[in-house]
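3D, please:
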Amino acid sequence: MSQRILIVDDEKNIRMTLMHCLKEQKYDLDIAINGDEALIKIEKNKYDLVLLDIKMPGLSGMDVLRRVRERGNDTNIIMMTAYGTIERAVEAMKLNAIDFISKPFSPEEIRSIVRDVLSREDLVEEDLDNIKDIVQFSKKCILNKQYDKAKAYLKKAIVMEGESPEPYNMLGVLYEYEKDIDNAQKNYRIALAIDPSYKPADINLSRTVRFFYSEDGIKLDEESLKEDEK
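This is a model prediction of the structure:
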């Protein structure tokens, strides 16, 4: 049976682009043109994944995400944004949305993130043998609100491949979620020591050392770095 995906965006060209990118993968695709229609469809249907635009007229993507979770629905959700920052990303993580993709995106970028999120459900601890799977499994733990377990697996990823900045940056985000800013900054600095060009950690560190600390603009990964072209 085909995996079912709901595409939610108020821009027709974005909806059509996503339909075109994903139709060859044999997914069962559905669309909603705004937040209200999305909530109705999510209530009536079972989806394996929702691609949800953050900024829409009326109900925003964050509003939709919040209401979906309040109803006890744990469908996988990828947040789509045209903005260089993912505002309120810690709040989104609390609502079990940790996957983001920035517009404009290439066909391969969208296919890759959809594939990763859908395949994450099949990951089991006994079969984790590479850093990509371990990082994805840590995201699965976050979605299940197993934050300590997520941190443990990110640390395993670091032991396996200590020269990758991504696990350190994700650890920093988890520490921020716990309001442990010192450890968050420590991990962002290590990520930058490994790769000074790794922008998510650079932006996160710069944001956390401001005199007035704010979670706005937190960067979970490289998908959230493109400038607003909307």
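
how far away is the residue minimising distance to the centre of the chain from D116?
Nearest to the mean C-alpha position of the chain, by Cα atoms, centre = their mean, lies D99 at 1.3 Å. Distance, D99 to D116, by Cβ to Cβ, to the nearest Å: 8 Å. Where C-beta positions appear, they are placed from N, C-alpha and C, glycine not excepted.

which residues touch L59?
34-36, 38-39, 67 (Cβ atoms under 8 Å, 6 or more residues apart in numbering).

circling back: so what sits opposite the residue nearest to the centre of the chain in the bridge?
Beta-bridge partners of D99, counted by DSSP bridges, are I78.

wait, isn't it in contact with M80?
No: counting by Cβ atoms under 8 Å, D99 sits too far from M80 to count as a contact (9.9 Å).

dump the residue contacts of I33.
I33 touches 8-10, 12, 15, counting by Cβ under 8 Å, 6+ apart.

chain center to stretch 12-22: distance?
Centre-to-centre, stretch 12-22 and its host chain are 19 Å apart (Cα atoms, centre = their mean, to the nearest Å).

could you give the average pLDDT over it?
Average pLDDT, stretch 12-22: 93.

related to what we said a few turns ago, quick one: the residue nearest to the centre of the chain from Y27, how far?
Counting by Cβ to Cβ, the gap from D99 to Y27 is 16 Å.

what's in contact with stretch 3-20?
Counting by Cβ under 8 Å, 6+ apart, 22, 27-35, 37-38, 41-42, 45-53, 56-57, 61, 64, 80, 103, 107, 110, 114, 118 sit against stretch 3-20.

thinking again about what came up before, among the contacts of I33, which ones are buried?
Neighbour-count burial (16 or more other Cβ atoms under 10 Å) applied to the contacts of I33 gives 8-10, 15.

what about the helices in this structure?
Using DSSP state H, the helices of the chain run over 12-23, 35-44, 61-70, 89-94, 107-120, 131-143, 147-160, 165-177, 181-194, 199-208.

out of the buried ones among the contacts of I33, which is nearest to M93?
Nearest to M93 among the buried ones among the contacts of I33, counting by Cβ to Cβ, is V8 at 19.4 Å.

quick one: pLDDT of that closest one?
pLDDT for V8: 97.

ok, what's across the strand from it?
A32, L52.

output the below-cut-off pLDDT ranges for the protein.
1, 83-90, 211-230 (pLDDT under 70).

from the recorded domain assignment, give the ranges for it.
Following automatic domain parsing, one gets these domains for the chain: 4-120, 125-224.

could you dump the helices of the chain to TSV with distance to S2?
Formatted as TSV, the helices of the chain follow (distance: least, Cβ to Cβ, whole Å):
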stretch	distance to S2
helix 12-23	11
helix 35-44	17
helix 61-70	22
helix 89-94	28
helix 107-120	11
helix 131-143	22
helix 147-160	30
helix 165-177	31
helix 181-194	38
helix 199-208	33
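
and among these, the most buried is which?
The highest mean neighbour count among the helices of the chain, using mean count of other Cβ atoms under 10 Å, belongs to helix 165-177: a mean of 25.

and the angle for that helix with helix 131-143?
10 degrees (axes from the mean of the first three to the mean of the last three Cα atoms, to 10 degrees).

so how far is helix 165-177 off the chain centroid?
Centre to centre, stretch against its chain (Cα atoms, centre = their mean), the figure for helix 165-177 is 13 Å.

what sits closest to Q136 if chain neighbours are left out?
Using Cβ to Cβ, 6 or more residues apart in numbering and skipping residues adjacent in sequence, the residue nearest Q136 is R120, 5.0 Å away.
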